[in-house]
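Q: All I have is the shape, not the residue letters:
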């Protein structure tokens with residue numbers, strides 16, 4: 001699996017415009033949200049949510065979130081980018 005971590009983020013920030021290959025996954029760090037991650041990798045928050053719905057919903061529910069799970073991602077979660 002090709003994961004991206006916090007230290008590698010600066011290398012590929014800006015996504016496809018850098019000429020770097022977009023990794024298949026991304027590890028969430030503090031301060032991230034789906035919109036900012038999506039913009040880095042040339043996609044939309046909705047597409048990221050749809051790809052990762054099961055993980056995002058499960059983790060949000062385990063933190064006591066009742067609805068709007070797409071607004072809750074947590075450091076350490078591994079999200080699919082494609």
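A: Ah, there it is. Source: prediction; values computed, not measured.

Q: tell me the contacts of residue 28?
A: Residues in contact with residue 28 (CB atoms under 8 Å, 6 or more residues apart in numbering) are 37, 73, 74, 75, 76, 77, 78, 79. For the C-beta atoms, the positions are set from N, CA and C on the backbone; glycine is no exception.

Q: Now, those residues that are in helices?
A: Among those, DSSP state H puts residue 37 in helices.

Q: what about the helix ranked longest in the chain, distance to the chain center?
A: For the chain, the helix with the greatest residue count under DSSP H is helix 45-62. Chain-centre distance of helix 45-62: 9 Å, with CA atoms, centre = their mean, to the nearest Å.

Q: Quick one: mean pLDDT for it?
A: For helix 45-62, mean pLDDT is 96.

Q: name the helices or strands packed onto that helix?
A: helix 34-40, strand 78-80 (3 or more CB pairs under 8 Å, 6 or more residues apart in numbering; DSSP states H and E).

Q: The last one - which strands sit beside it in the sheet, and in what orientation?
A: The reference is to strand 78-80. Here strand 78-80 is paired, per DSSP bridges, with strand 25-27 (antiparallel).

Q: average pLDDT across the strand it pairs with?
A: pLDDT averaged over strand 25-27 gives 97.

Q: what's the offset of that strand from the middle of its chain?
A: 6 Å.

Q: Report the buried residues of it.
A: Neighbour counts over strand 25-27 (16 or more other CB atoms under 10 Å) mark 25, 26, 27 as buried.

Q: repeat for stretch 73-82
A: 73, 77, 79, 81.

Q: ok, now stretch 42-49?
A: In stretch 42-49, counting by 16+ other CB under 10 Å, buried: 43, 45, 48, 49.

Q: I'd like to know which of those is nearest to residue 31.
A: residue 45 (15.2 Å; CB to CB).

Q: pretty sure that closest one contacts residue 38?
A: Yes: under the criterion of CB atoms under 8 Å, residue 45 makes contact with residue 38 at 4.8 Å.
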